[in-house]
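Enquirer: need the 3D shape of this:
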Amino acid sequence: MLTSKIVNRYLIALAVFVVAFGVYYVTLTPTVALVDSGALTVASWCLGNAHPPGFPLYLMLTKLFTLLPLGSIAVRANLASAFFAALACAMVSLAVSEISENKLVAAFAGLLLTVSRTLWGYATVAEVYALNTFLVATILWLMLRWRRTREIKWLYVAALVFGLALGVHHVTVGLTLFGIAVLVFRTKITPKQFGIAAAIAIAALIAVYAYLPITASRQPVWNWGDPDTMSRVIDHITAKQYRAYVSTSSQGAQLSGVVSYLAREFGFWLFGTLIVGHGFTIAFRRDRTLFWMLLLIVLACCAWLLVYPIVNDQDAYLLPAFVAMTIAAAYGSDREKYFPAFGIALVFGMSLATMADRNRSDFRVAKDYVDNTLRGIAPNSVLITDDWQLFSPMIYFSEVEKVRPDVVPIEYGMLIRSWYVRQLERRYPELMRLVKPQLDAYKPLLDISENNPKLWADPSVQEEYNKRLDDLVFAIIEKQIARGGHAYATFEVALSNDAVDANLVQRLKTSYDVVPRSIALEFLPGHQPREVTLEPLELRGLTSSHDEVVQKEVLPAYRSVTMIRARFMVLTKKYDAALAEYQRALALDPENGMIERELQQVRMQAR
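Expert: So this is what the prediction gives:
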């Protein structure tokens, strides 16, 4: 029977959901975003397989959103994140209502998470972390409800959700197990009940991951890992290809990053730190079980991030910690005399501070990146790139929106994955048949690199592997041009400074002129004077964006491209065009002395 008290709890949660969804909706990205958003949107749209560990539950649920008659497929996938993030905020308010009778405190918790920096960031793009946060918050609510009521059904439902949640982002969900274990073992439970809960979680886990081989058997458009056998399924779920990233060698640098993420999460360093710290202090005094559960979740997330130094999405691994910190902050605010005024002021101030960083309602950098690249590419061409920030949105536009499907995009760095090579053979059989001798020579070495670590440790084997990979890439370009087509590459492939790529780059320079068009560089046979007109570049949002990926990866790529274009114009004595490119490069990087010096030299030559 629903009492008025319980109804009020749900009404507050509903109100939090409405507010949160409204905030996320008006700041939603209007097209595809960067990092993994493009690939995840494609995988959801075609019910394919995403990068390890596969995120099957995310793909299935987001697929439902792609069926909505609202905007583009990218917008629908982004909307799924907004919906799940808003649900996460509602669930946090319900979790707090299990440990506090104050309705304002429950509302405060949900709204505090709403305007927190990290969740807001992932609520506006297609990513797995909003759904993951919702499931973590739901698990904590169910566990706290079980502890309060002692009704075993809530534990069993929590176990079910836990098993399903492992089908989204199992690392961060698994990290909550340390805190949850404290609550379980400090609450009365029989071995039989524990065994039933464990069995439910395992059954849910198996059921959701059965998706991987089932969908792989269909050979969808995007089928990362091609997990159609038991060994491939295990490798995919356990993220075999990412295990090498786990390291203890950079803990110092990682620690400073973790501290920064924790301190900035709630808008203001001082206020955020004080309110969370106060919450943990009160929990230690009043509810030692709650204290240890929340603290262990925070510590486990931080510890994992110290040994897993990924480049992007680092803050996402702390989302369960941020949920725990939000609950602690709310618990500490319970029965405080000045809480209502302080809580409202904090949430309002945070919303204003975070809005500038997280408002993506006009974020079109990924789309512009693809448009800028394709604008200078001839019909029926091959484009080789090692820039994931370009490739991920490009496969979305190519496969889903059918923008320039005549262009064959090849991700250079993924040629080291056998599943990707097989996918290229299925998707582009005519092109790949042209390079069959090189493929046949490369595949045995690819198998060694993936499955035979002892033999792979031999430097001569690695040297032969690199040679065969170079032969394959060169053959793709050579055969494409020989059949009357065009071949392009982005600068990090065509003009790579990596010693491993030195032989390939030299072979390309010897056989072809490398000519800038737009973002991409074209390979033209022979060496002769070229009349080149550069395609214009749309640079909106690059310098004004607060997005870390834009600042660290996309903007530097544009700067490099404009410098390449400028230097090529100097070589062809088109000084006005060169000056224009130098000015664009300087606008992207005003403090770069090298650009300024080259600009002055060209000005003197142009006189």
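Enquirer: mind giving me the domain ranges of this structure?
Expert: Domain ranges of the chain: 4-358, 366-538, per automatic domain parsing.
Enquirer: next SSE downstream of the helix or strand hosting residue 297?
Expert: Taking DSSP states H and E as the definition, one finds residue 297 inside helix 288-307. Proceeding N to C from helix 288-307, the next assigned helix or strand is helix 319-333, under DSSP H and E.
Enquirer: who's the closest spatial neighbour of residue 212, skipping the chain neighbours?
Expert: residue 227 (4.5 Å; Cβ to Cβ, 6 or more residues apart in numbering). Yep, even glycine has a C-beta here, placed from its N, CA and C like the rest.
Enquirer: the one you found reaches residue 235, doesn't it?
Expert: Yes. Proximity of residue 227 to residue 235 meets the contact threshold set by Cβ atoms under 8 Å, at 7.5 Å.
Enquirer: how far away from the center of its chain is the strand or helix carrying residue 78?
Expert: Following DSSP H and E, one finds residue 78 within helix 73-97. From the chain centre to the centre of helix 73-97 is a distance of 17 Å (Cα atoms, centre = their mean, to the nearest Å).
Enquirer: quick one: list the elements packing against that helix.
Expert: Judged by 3 or more Cβ pairs under 8 Å, 6 or more residues apart in numbering; DSSP states H and E, helix 73-97 is in contact with helix 4-26, helix 37-45, helix 56-66, helix 103-114, helix 117-122, helix 129-149, helix 319-333.
Enquirer: can I get those helices in a markdown table including mean neighbour count and distance to residue 381?
Expert: Formatted as a markdown table, those follow (neighbours: other Cβ atoms under 10 Å; distance: least, Cβ to Cβ, whole Å):
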| stretch | mean neighbour count | distance to residue 381 |
| --- | --- | --- |
| helix 4-26 | 17 | 38 |
| helix 37-45 | 27 | 20 |
| helix 56-66 | 21 | 29 |
| helix 103-114 | 26 | 45 |
| helix 117-122 | 25 | 35 |
| helix 129-149 | 25 | 35 |
| helix 319-333 | 28 | 41 |
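Enquirer: and of these, who's closest to residue 260?
Expert: The closest of these to residue 260 is helix 117-122. By Cβ to Cβ, the value is 11.0 Å.
Enquirer: chain center to the closest one: distance?
Expert: Distance of helix 117-122 from its chain centroid, counting by Cα atoms, centre = their mean, is 12 Å.
Enquirer: now that helix: average pLDDT?
Expert: Mean pLDDT, helix 117-122: 95.
Enquirer: and stretch 396-410, by the same measure?
Expert: Averaged across stretch 396-410, pLDDT comes to 97.
Enquirer: other residues contacting that stretch?
Expert: 32, 37-39, 41-42, 45-46, 72-74, 221-222, 367, 370, 374, 377, 379-385, 391, 394-395, 424, 428, 431, 476 (Cβ atoms under 8 Å, 6 or more residues apart in numbering).
Enquirer: distance from the helix holding residue 297 to the middle of the chain?
Expert: 23 Å.
Enquirer: show me what contacts the residue nearest to residue 212?
Expert: So residue 227 contacts 49, 54, 212, 213, 216, 233, 235, 236 (Cβ under 8 Å, 6+ apart).
Enquirer: of these, closest to residue 345?
Expert: residue 54 (43.0 Å).
Enquirer: need the contact list for the closest one.
Expert: Residues in contact with residue 54 (Cβ under 8 Å, 6+ apart) are 167, 209, 211, 212, 224, 225, 227, 236, 237.
Enquirer: which of those fall within helices?
Expert: Among the contacts of residue 54, the subset assigned to helices under DSSP state H consists of 167, 209, 211, 212, 236, 237.
Enquirer: for those, give me a markdown table that also has pLDDT and neighbour count.
Expert: Below are those laid out as a markdown table (pLDDT from 0 to 100; neighbours: other Cβ atoms under 10 Å):
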| residue | pLDDT | neighbour count |
| --- | --- | --- |
| 167 | 94 | 28 |
| 209 | 97 | 23 |
| 211 | 97 | 19 |
| 212 | 97 | 28 |
| 236 | 93 | 25 |
| 237 | 93 | 20 |
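Enquirer: who touches the helix holding residue 297?
Expert: By Cβ under 8 Å, 6+ apart, the residues outside helix 288-307 that reach it are 99, 144, 147, 171-172, 175-176, 178-180, 182-183, 186-187, 246-248, 251, 254-255, 257-258, 262, 280, 283-284, 314, 317-321, 323-325, 327-328, 331.
Enquirer: what's the weakest-modelled helix or strand in the protein?
Expert: Lowest on mean pLDDT, DSSP states H and E among the helices and strands of the chain sits helix 251-264, with a mean of 78.
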